[in-house]
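In: compute the structure for the input listed below.
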Amino acid sequence: MKPSMLAYTKLILEKVSFNRELYEREYRKALTRLSPHEANMLERWTRCQRQQLVPIAVVK
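Out: All right, here's what the predicted structure looks like:
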C-alpha cells in the first residue's frame, strides 16, 4: 500500500528535525502540497512534536 503524502511528510520532518532551517523549509513546502485537511493535521502534529524535538545548540 502506498503511504500517504502526510505520512511521508511526517517521516521527512522527523529526519530533518536536527536542523531548524531545513525543518522549517520542508514544513512550508509540505503545506503547499498537502490538501487543506492534511495541512491542518500536519500543523497539529507539528505542535505536539515541538515538545519532543531536541533543541539545537548555538555554536559560537
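
In: low-confidence ranges, the chain, go.
Out: The chain contains residues with pLDDT under 70 at 1-2, 51-60.

In: check contacts around the most centrally placed residue in it.
Out: Against the mean C-alpha coordinate of the chain, by C-alpha atoms, centre = their mean, the closest residue is Leu13 at 3.7 Å. For Leu13, the contact set (C-beta atoms under 8 Å, 6 or more residues apart in numbering) comprises 23, 26-27, 30, 46, 49. Quick note: C-beta positions are derived from backbone N, CA and C, even for glycine.

In: also Lys15?
Out: So Lys15 contacts nothing (C-beta under 8 Å, 6+ apart).

In: give me the neighbour count for Trp45.
Out: Neighbours of Trp45 under the rule other C-beta atoms under 10 Å: 14.

In: which SSE is it in?
Out: Counting by DSSP states H and E, the element that carries Trp45 is helix 36-50.

In: can you dump the C-alpha coordinates of that helix into PDB?
Out: Taking Å, rounded to 0.1, in the frame of the first residue of the first chain, the C-alpha atoms of helix 36-50 are listed here in PDB:
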ATOM      1  CA  PRO A  36      -6.200  21.800   3.400                       C
ATOM      2  CA  HIS A  37      -7.400  19.000   5.700                       C
ATOM      3  CA  GLU A  38      -3.900  17.300   5.700                       C
ATOM      4  CA  ALA A  39      -2.200  20.600   6.200                       C
ATOM      5  CA  ASN A  40      -4.400  21.200   9.300                       C
ATOM      6  CA  MET A  41      -3.500  17.700  10.600                       C
ATOM      7  CA  LEU A  42       0.200  18.400  10.000                       C
ATOM      8  CA  GLU A  43       0.000  21.700  11.900                       C
ATOM      9  CA  ARG A  44      -1.500  19.900  14.900                       C
ATOM     10  CA  TRP A  45       1.100  17.100  14.700                       C
ATOM     11  CA  THR A  46       3.900  19.700  14.500                       C
ATOM     12  CA  ARG A  47       2.700  21.500  17.600                       C
ATOM     13  CA  CYS A  48       2.800  18.200  19.500                       C
ATOM     14  CA  GLN A  49       6.200  17.200  18.200                       C
ATOM     15  CA  ARG A  50       7.900  20.500  19.100                       C
END
